[in-house]
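Trainee: Okay, here's the prediction I keep looking at, along with the sequence it came from:
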Amino acid sequence: MGYLKIGDDLLWAKHIEGDRELRDRIINLPAGGSIDLEIDGIVGHWEKAKLGKDGRATDAVKPVGPMREIWKRFQARRGEVVKVRETRTADSYLKAISETMTEWNTPADEEAFRDL
């Protein structure tokens with residue numbers, strides 16, 4: 001478990017204290033790669049920021065989906081230190097294993113389960 005001082009619209013790896021593994025994980029994500037984080041008890045989906053204008057990697061992640069609005073509310077708490085850790089949500093777990101379960105990847109299954 002690490003700690004993060006809220007201070008930007010992006011979550012910068014260098015701002016994470018006490019969890020070197022998480023810092024490195026964010027730094028090593030490819031541009032557009034994703035990670036699920038629990039911040040102050042709230043789980044959300046984050047995406048690695050694109051390369052900078054000069055082509056250098058950006059060692060930060062940005063909130064995506066519902067986490068965007070939640071993170072905007074966190075901005076009112078700038079300067080506050082909160083707990084942060086990587087987590088696995090059901091969606092990220094299923095996404096990770098979906099390639100190994102090819103029997104799920106049929107047109108019939110897509111038709112039957114697309115609204116779930």
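Mentor: Happy to help now that I have it. Numbering: from 1, shown residues only.
Trainee: shaky segments in the chain?
Mentor: By pLDDT under 70, the weakly predicted segments of the chain are 89-105, 114-116.
Trainee: Just give me the residue right at the centre of it.
Mentor: Against the mean C-alpha coordinate of the chain, by C-alpha atoms, centre = their mean, the closest residue is residue 46 at 2.5 Å.
Trainee: If it is in a bridge, with which residues?
Mentor: Beta-bridge partners recorded for residue 46 (DSSP bridges): residue 35, residue 63.
Trainee: That one contacts residue 39, doesn't it?
Mentor: No - taking contacts as C-beta atoms under 8 Å, residue 46 lies outside contact range of residue 39: 9.2 Å. Quick note: C-beta positions are derived from backbone N, CA and C, even for glycine.
Trainee: intersection of neighbour lists for the two?
Mentor: Shared contacts of residue 46 and residue 39, defined by C-beta atoms under 8 Å, 6 or more residues apart in numbering, comprise residue 11.
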